[in-house]
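>>> Dropping a prediction and its sequence here:
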Amino acid sequence: MDRGDALERYMVIVHVVAPAEFGGLERVVQMLGRGLSGHGHDVHVLAVVVRGQTADPFLAPLADAGVSTRTLAVPGRAYRRERTAVARALRQLRPDVVHTHGYRPDVLDAGVARRLGIPVVTTVHGFTGGGWKNRFYEWLQSRSFRRFDAVVAVSWPLARRLERSGVPSSRIHAVPNAWQPMAPALDRETARRILGLPPHSFVVGWVGRLSHEKGPDVLLDALLHLRDLPLLVSVVGSGIMQGALRTQAEHLGLNGRVRWHGAVPDAGRLFPAFDACVLSSRTEGTPVVLFEAMAAGVPVIATCVGGVPDVVSGAEAVLARSEDPVALAAGIRAVYGNSAAARARARAARARLERDYTVTRWLERYEEIYRLVSRHAAAPVAT
């Protein structure tokens with residue numbers, strides 16, 4: 001059997017990721033690893049971490065599903081050692097394609113695969129902006145995309161941005177994220193007990209990374225316009241803004257109305273605890289947290305950014321302008337004041353999720369992309 005025939009049957013696929021706090025990027029890698037392995041491919045996930053840290057919480061579910069995993073622990077800023085470790089692993093595994101995820105693998109490690117003649121694919125999950133240092137890193141990452149064999153954008157707006165930045169349109173593939181439950185949802189009573197929430201309060205949930213692009217500060221500002229409503233906000237997640245947000249809540253007199261839970265494992269199971277879920281982002285790709293709320297049948301109030309309006313319309317969620325606390329507050333008030341309409345939108349959202357965002361077609365799209373770039377491989381991997 002020649003190499004082309006073998007590619008039609010199965011491929012050796014290596015994912016390279018530098019996992020952080022578990023979020024949408026890590027969730028996508030897990031879904032790809034488990035799904036592609038289930039399709040018969042030989043899948044390996046390399047997790048690059050700073051020595052002394054661990055990737056076990058991220059890798060364990062993959063290993064349990066039969067996916068080969070490997071931790072590459074390197075000293076901080078030891079970039080040459082990192083590239084050497086990645087090269088050693090790729091020479092051993094001899095993959096048909098390498099798929100990188102996130103800034104560090106895109107900028108540092110993809111070039112290792114290219115020098116070995118291995119096609120490289122990346123998934124662009126979005127840009128966060130923020131301070132000058134982060135914007136510089138994202139500029140470097142954007143330039144690196146031009147050298148990839150395929151660049152997958154998780155939303156159409158993101159695909160258009162990549163084309164404007166100089167990535168050849170022939171290499172851009174828009175593949176919105178898909179939904180696959182990783183663990184069964186809890187019932188409402190159990191979820192509230194785990195979070196320490198009162199059983200009968202109206203609870204607005206916010207789940208994600210506490211960082212500027214996710215807009216948690218906008219939600220706090222929105223609460224100033226909802227003082228007349230007896231509601232609680234449950235914030236699940238951690239991040240660099242955590243201290244500043246607590247200070248903001250105290251300054252605004254909101255401490256009694258906001259519960260801070262930090263990062264919670266398998267947070268997707270907890271959505272039944274919420275009467276509404278808010279996505280207050282300033283920028284997004286296709287947020288997995290939106291899928292989690294839709295799957296749980298929780299009414300959604302979301303800012304109209306990135307791929308969000310491609311996933312839900314006004315028939316499935318309340319959409320608000322970004323960075324507009326008054327509009328966000330109006331959306332929360334609409335859900336609170338008309339529960340029947342909110343439940344109807346939530347049912348429509350769940351139906352759309354089950355119809356349009358199944359994992360089967362999503363995996364097939366990635367397989368098509370892998371086969372496309374593998375057929376044009378420059379050379380076999382050196383031994």
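Sure, I can see it. For clarity, every value in this text was computed on a predicted model and none was experimentally measured.

>>> quick one: which helix or strand includes Trp362?
For Trp362, the host element (DSSP states H and E) is helix 359-374.

>>> Just the buried positions in that helix, please.
Val359, Trp362, Leu363, Tyr366, Glu367, Ile369, Tyr370, Leu372, Val373, Ser374 (16 or more other CB atoms under 10 Å). Heads up, the C-betas are built off the backbone N, CA and C, glycines and all.

>>> Over to stretch 159-168?
Of all the residues in stretch 159-168, those buried under the rule 16+ other CB under 10 Å are Ala159, Arg161, Leu162, Val167.

>>> With stretch 315-327 instead?
Glu316, Ala317, Val318, Leu319, Ala320, Ser322, Glu323, Asp324, Pro325, Ala327.

>>> just stretch 201-209 next, same as before
Residues of stretch 201-209 classed as buried: Phe202, Val203, Val204, Gly205, Trp206, Val207, Gly208, Arg209 (neighbour count, 16+ other CB under 10 Å).

>>> pLDDT and distance to Leu62 for these - can I get that in CSV?
Listed next are the buried residues of stretch 201-209 as CSV, based on pLDDT from 0 to 100; distance: CB to CB, whole Å:
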residue, pLDDT, distance to Leu62
Phe202, 99, 38
Val203, 99, 32
Val204, 99, 33
Gly205, 99, 27
Trp206, 99, 28
Val207, 97, 22
Gly208, 94, 22
Arg209, 92, 21
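
>>> Which two of these have the greatest separation?
Greatest spacing in the buried residues of stretch 201-209, by CB to CB: Phe202 and Arg209 (24.9 Å).

>>> Can I get stretch 117-133 as PDB, trimmed to CA atoms?
Extracted C-alpha coordinates of stretch 117-133, given in PDB (Å, rounded to 0.1, in the frame of the first residue of the first chain):
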ATOM      1  CA  GLY A 117       9.100  18.100   6.000                       C
ATOM      2  CA  ILE A 118       5.900  17.500   7.900                       C
ATOM      3  CA  PRO A 119       2.700  19.500   6.900                       C
ATOM      4  CA  VAL A 120       1.500  21.800   9.700                       C
ATOM      5  CA  VAL A 121      -2.000  22.900  10.500                       C
ATOM      6  CA  THR A 122      -3.200  25.300  13.200                       C
ATOM      7  CA  THR A 123      -6.500  26.200  14.700                       C
ATOM      8  CA  VAL A 124      -7.000  29.900  15.400                       C
ATOM      9  CA  HIS A 125      -9.300  30.200  18.400                       C
ATOM     10  CA  GLY A 126      -9.400  34.000  18.500                       C
ATOM     11  CA  PHE A 127      -7.400  37.100  19.400                       C
ATOM     12  CA  THR A 128      -7.600  38.600  22.900                       C
ATOM     13  CA  GLY A 129      -5.900  42.000  22.400                       C
ATOM     14  CA  GLY A 130      -5.100  43.600  25.800                       C
ATOM     15  CA  GLY A 131      -1.800  45.100  26.700                       C
ATOM     16  CA  TRP A 132       1.100  45.900  24.300                       C
ATOM     17  CA  LYS A 133       3.000  42.800  25.100                       C
END
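
>>> Quick check: buried residues in it?
Ile118, Pro119, Val120, Val121, Thr122, Thr123, Val124, His125, Gly126, Phe127, Thr128, Gly130.

>>> Rounded mean pLDDT for that stretch, please.
Averaged over stretch 117-133, pLDDT sits at 89.

>>> Then stretch 183-192?
Mean pLDDT, stretch 183-192: 95.

>>> Please apply the same query to stretch 56-73.
95.

>>> Next, the distance between the ends of that stretch.
Length of stretch 56-73, first residue to last, CA to CA, to the nearest Å: 12 Å.

>>> outside of the helix or strand hosting Leu59, which residues touch it?
Per DSSP H and E: Leu59 is located in helix 56-64. Helix 56-64 has contacts (CB atoms under 8 Å, 6 or more residues apart in numbering) with 17, 19, 22, 26, 29-30, 33-34, 45, 47, 69, 71, 182, 265.

>>> Please identify which two of those residues are farthest apart in space.
The distance between the two most remote of the contacts of helix 56-64 (CB to CB) is 20.6 Å, for Thr71 and Met182.
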